[in-house]
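**Student:** Predicted model and sequence below, questions to follow.
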Amino acid sequence: MTTCACANCQFYDTHMGGAAKHKEKDTGLCRFNPPLPQTASANTRAAWPVVEKSDWCGHFAATVERMTSVAA
């Protein structure tokens, strides 16, 4: 059984891209929902939510399940 944690989720991404201020080794990006604007400024880019590896939410989907459904 897979532990419910962001690090085990198919929507977790360790690639931090432009999130330079969040380069901690225990964080990643949640790719379930689209990026959200960080400020009201029109010049500010949107960002994916930064999550810790041990976090989890109701959208958790184990990576193993994704791989199984693709192979079928």
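**Tutor:** Structure received. Numbering: from 1, shown residues only.
**Student:** in this protein, which spans are helices?
**Tutor:** 63-71 (DSSP state H).
**Student:** could you pull out the strands for it?
**Tutor:** 12-13, 27-30, 36-37, 46-47, 50-52 (DSSP state E).
**Student:** on contacts alone, who are the packing partners of the fourth one?
**Tutor:** So that's strand 46-47. Helices and strands touching strand 46-47, by 3 or more Cβ pairs under 8 Å, 6 or more residues apart in numbering; DSSP states H and E, are strand 36-37. C-beta coordinates here come from the backbone N, C-alpha and C atoms, glycine included.
**Student:** Given the strand it packs on, what are its sheet partners and their directions?
**Tutor:** strand 46-47 (antiparallel) (DSSP bridges).
**Student:** still on that earlier bit, quick one: the strands of the chain as TSV, columns for distance to residue 3 and mean pLDDT too.
**Tutor:** Listed next are these as TSV, based on distance: least, Cβ to Cβ, whole Å; pLDDT from 0 to 100:
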stretch	distance to residue 3	mean pLDDT
strand 12-13	13	92
strand 27-30	15	92
strand 36-37	27	84
strand 46-47	27	86
strand 50-52	14	91
